[in-house]
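Q: sequence and predicted structure below; questions after.
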Amino acid sequence: MVFCFLVQLYFSLFVHLKLARVAINVIPEAKQLPVSVIICARNESENLQRFLQSILNQEYPDFEVVVVNDRSWD
C-alpha cells in the first residue's frame, strides 16, 4: 500500500510538473493559417441563401468558402 502511494506521488510530482512547464505554442493571429470551408450542397438553395452570409461573417482572418454543387436540380 505504501509502495503504491509512493509511485503515485512520484508520478504526480515529477511527470505532471514537467508537463506543466511545457510551453504551449500558440499561433499569433497574424500568422494563422488559411482555412477552406467546403460546403457540399444538393438541392439546398433556400438553406444556402439563409446561412451562407453567417459563414462569410466569421472573425477568422483568412478563409475561403467553396460551395460544391452535388447534382442539384434547384
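A: Cool, got the structure.

Q: now whichever helix in the chain runs longest: how far from the chain's centre is it?
A: For the chain, the helix that runs over the most residues, judged by DSSP state H, is helix 45-56. For helix 45-56, the distance from its own C-alpha centre to the chain's C-alpha centre is 21 Å (Cα atoms, centre = their mean, to the nearest Å).

Q: need the residues that contact it.
A: Contacts made with helix 45-56 from outside it, assessed by Cβ atoms under 8 Å, 6 or more residues apart in numbering, are listed as 37, 39, 41, 65, 67, 72, 74. No exception for glycine: its C-beta is placed from N, CA and C like everyone else's.

Q: least trustworthy helix or strand in this protein by mean pLDDT?
A: Of all helical and strand segments in the chain, the minimum by mean pLDDT, DSSP states H and E falls on helix 16-21, at a mean of 72.

Q: which strands and helices sit next to the following helix or strand past it?
A: Tracing the chain C-terminally past helix 16-21 and defining elements by DSSP states H and E, one meets strand 35-41 next. When contacts are defined as 3 or more Cβ pairs under 8 Å, 6 or more residues apart in numbering; DSSP states H and E, strand 35-41 packs onto helix 45-56, strand 63-69.

Q: kind regards, and thank you for your time.
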